[in-house]
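A.B. asks: next come a sequence and a model predicted from it.
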Amino acid sequence: MNLRTTGLLGRGVSTNAARAKTQHSSRELSQTLYDEFDVDGVLYASRLTSAKCVAVYDRAVTGKLVSTAVNSLSLHPQLTDALNSINVSIEFDP
């Protein structure tokens, strides 16, 4: 279910579910969606960065999602650029 842009307003849901500092409203909404509707997850915007996010419910995993080979994140060629783009640095203890 797409809850980005007008997704919440179009369904009459309080914007607290997407923008409140605490997660109570969003967790309550997610639980209601899980319990009352046949959805496999939700698309939503990050409260802090407005980045696109996805939450996949457990029922979507079996028979609907397919896994692929796992690669080490630390070896990904774009990791440094991605971390720099969100002002994250990693410090190692000597």
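C.D. replies: Everything's here; your move.
A.B. asks: all strands for the chain, in order.
C.D. replies: Defined through DSSP state E, the strands belonging to the chain, from first to last, are 41-45, 52-56.
A.B. asks: next, the angle strand 41-45 makes with the last one.
C.D. replies: Following axes from the mean of the first three to the mean of the last three CA atoms, to 10 degrees, one obtains 160 degrees for the angle between strand 52-56 and strand 41-45.
A.B. asks: pull out the buried positions in strand 52-56.
C.D. replies: When neighbours are counted by 16 or more other CB atoms under 10 Å, the buried residues of strand 52-56 are found to be Ala55. Quick note: C-beta positions are derived from backbone N, CA and C, even for glycine.
A.B. asks: contacts for that strand, please.
C.D. replies: Residues outside strand 52-56 that contact it (CB atoms under 8 Å, 6 or more residues apart in numbering): Arg4, Ser30, Asp40, Gly41, Val42, Leu43, Tyr44, Ala45, Ser46, Leu65.
A.B. asks: most neighbours of all those residues, which one?
C.D. replies: Sorting the contacts of strand 52-56 by how many neighbours each has (other CB atoms under 10 Å) puts Tyr44 first, at 22 neighbours.
A.B. asks: wait, doesn't that one sit right on Arg4?
C.D. replies: Yes - checked against CB atoms under 8 Å, the pair Tyr44 and Arg4 is within contact range at 6.1 Å.
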